[in-house]
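Trainee: sequence and predicted structure are below.
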Amino acid sequence: MALLGAMGESMATKEHFLKLLEAAFPPQPMPARFFWKEVPPGINDEFHRDLLEWLAGRQWTEIKMRNWTMMAHVGIIRELLAPATFLYYLPSLLLAVSEDPSYLDDALAAIIPSGRDRRPKNQWWGELLETVSPEQAAAIRAFLAYVRSDLLRSDKEPFVVSEEEVHTDEAERFWDAQIASLTSRTNR
């Protein structure tokens, strides 16, 4: 009976995440600006061509994991796209991970800043956090709750923590802080 309750709870978590994702990220309108800036030094034009080929002009609902895997690492993609554009396409990555959890690292890398302290230090993150709505932040947080309940391995020995668990903890703390900030801005 306890197993059935746990399975029902995890299904509810996934269903909740999917419902919030669908409501918070409408496929229309598409963002007006695709690239954030001109090509940064050291970035190959091939990355830009890949983004145009695998993402540009498509609704996020058309993008599959195959599209994401045909491009550069999500950290590079994130920095090349305008923040609103990255946020527009992000649900396709989160949805793809719910269908194929082997790409969880990519999704976690996409939703938290780089660096040890995971603090947004550059203009790109500042613009993204100005763009994200409370509903979108809640959908991202629901994705993390789904990850915690369904995708993290619980069959490891005690005191063994996976990299995915660490990144999930960091992402939860980051998005909890963003939601608190959004809530305080909305209540002013």
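Mentor: Everything's here; your move. Numbering: from 1, shown residues only.
Trainee: could you check how far the residue nearest the centre of the chain is from His48?
Mentor: What sits nearest the mean C-alpha location of the chain, by CA atoms, centre = their mean, is Ile111, with 4.3 Å. Noted for Ile111: a distance of 23 Å to His48, by CB to CB, to the nearest Å. Bear in mind the C-beta positions are built from the backbone N, C-alpha and C, glycine included.
Trainee: endpoint to endpoint, stretch 120-134 covers what distance?
Mentor: Distance across stretch 120-134, first residue to last, is 18 Å (CA to CA, to the nearest Å).
Trainee: what separates Asn67 from Leu129, distance-wise?
Mentor: For Asn67 relative to Leu129 (CB to CB), the value is 25 Å.
Trainee: who has more neighbours out of these two?
Mentor: Asn67 (19 against 16; other CB atoms under 10 Å).
Trainee: what's around the residue nearest to the more buried one when sequence neighbours are not counted, how many residues?
Mentor: Setting aside the residues directly before and after it, Asn67 is nearest to Trp54 in space (CB to CB, 6 or more residues apart in numbering), at 4.4 Å. Using other CB under 10 Å, the number of residues around Trp54 comes to 18.
Trainee: quick check: Trp54 touching Ala72?
Mentor: No: if you go by CB atoms under 8 Å, Trp54 and Ala72 don't touch, sitting 10.3 Å apart.
Trainee: how far away is Glu22 from Trp68?
Mentor: 19 Å.
Trainee: of those two, which one has the most company?
Mentor: Trp68 (23 against 14).
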